[in-house]
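Engineer: Sequence plus predicted model, see below.
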Amino acid sequence: RDEDLDAGSFMWDFHRSLRTEELPDGETVISVTLDDVEKHGRWWLIAEAGEVDLCTDDPGKEVDIYLHSKIAEIAEIWMGDVDVRDAISQNGLKATGSQHLLRTIASWFPQSRYSNVRPKRMLEGS
């Protein structure tokens, strides 16, 4: 639920689930702006050699890709409720930057380890 979303907790999980093995060699810097979060609405993920740092202060590095979304919309992608490419085409997620990262976003975009688990109530409606 929207009221359950905390930007700090979400971004911590988001950065921990980034699929670094799908990123190009070297350093990749991702800027995430949560448009509807007033305090700490901008974050940077710096990935290199399988490690990811999460920053709330601009690290002063060249950004490879910018992601802009409302927290609930990016959380839906992370939870597997919305496909990342569909979110981009429907403007729920704005992504700009490296053409390679834009083309391969479905392979490296983070997802919750529970993204393939559906509550029983959702399965009964199918």
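Structural biologist: Done, it's in. Owing to the predicted nature of the structure, the values given are computational and were not obtained by experimental measurement.
Engineer: can you tell me the distance between the two ends of stretch 93-104?
Structural biologist: Stretch 93-104 has its terminal residues 15 Å apart, counting by Cα to Cα, to the nearest Å.
Engineer: what's the answer for stretch 6-22, then?
Structural biologist: 27 Å.
Engineer: ok but residue 29 is inside a helix, no?
Structural biologist: No: with DSSP: H, G, I helix; E, B strand; the rest coil as the criterion, residue 29 is assigned strand and is not in a helix.
Engineer: which parts of stretch 66-77 are buried?
Structural biologist: For stretch 66-77, a neighbour-count test (16 or more other Cβ atoms under 10 Å) marks 67-77 as buried. Using the backbone N, CA and C atoms, a C-beta is placed for each residue, glycine as well.
Engineer: An error on my part: the question was meant for stretch 26-34.
Structural biologist: 28-32, 34.
Engineer: How far off centre is that stretch?
Structural biologist: Relative to its parent chain, stretch 26-34 has a centroid offset of 9 Å by Cα atoms, centre = their mean, to the nearest Å.
Engineer: Convert the C-alpha atoms of that stretch to PDB, please.
Structural biologist: The C-alpha trace of stretch 26-34 is given here as PDB (Å, rounded to 0.1, in the frame of the first residue of the first chain):
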ATOM      1  CA  GLY A  26      33.400  -0.800 -15.100                       C
ATOM      2  CA  GLU A  27      31.500   1.700 -13.000                       C
ATOM      3  CA  THR A  28      27.800   2.300 -13.600                       C
ATOM      4  CA  VAL A  29      26.000   5.300 -12.000                       C
ATOM      5  CA  ILE A  30      22.300   5.300 -11.700                       C
ATOM      6  CA  SER A  31      20.300   8.300 -10.500                       C
ATOM      7  CA  VAL A  32      16.900   7.600  -9.100                       C
ATOM      8  CA  THR A  33      14.500  10.500  -8.500                       C
ATOM      9  CA  LEU A  34      11.300   9.700  -6.500                       C
END
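Engineer: got the contact list for it?
Structural biologist: 7, 11, 14, 18, 41-48, 59, 61-71, 74, 101 (Cβ atoms under 8 Å, 6 or more residues apart in numbering).
Engineer: Of those, which qualify as buried by neighbour count?
Structural biologist: Buried, going by 16+ other Cβ under 10 Å: 7, 11, 14, 18, 42-47, 63-65, 67-71, 74, 101, out of the contacts of stretch 26-34.
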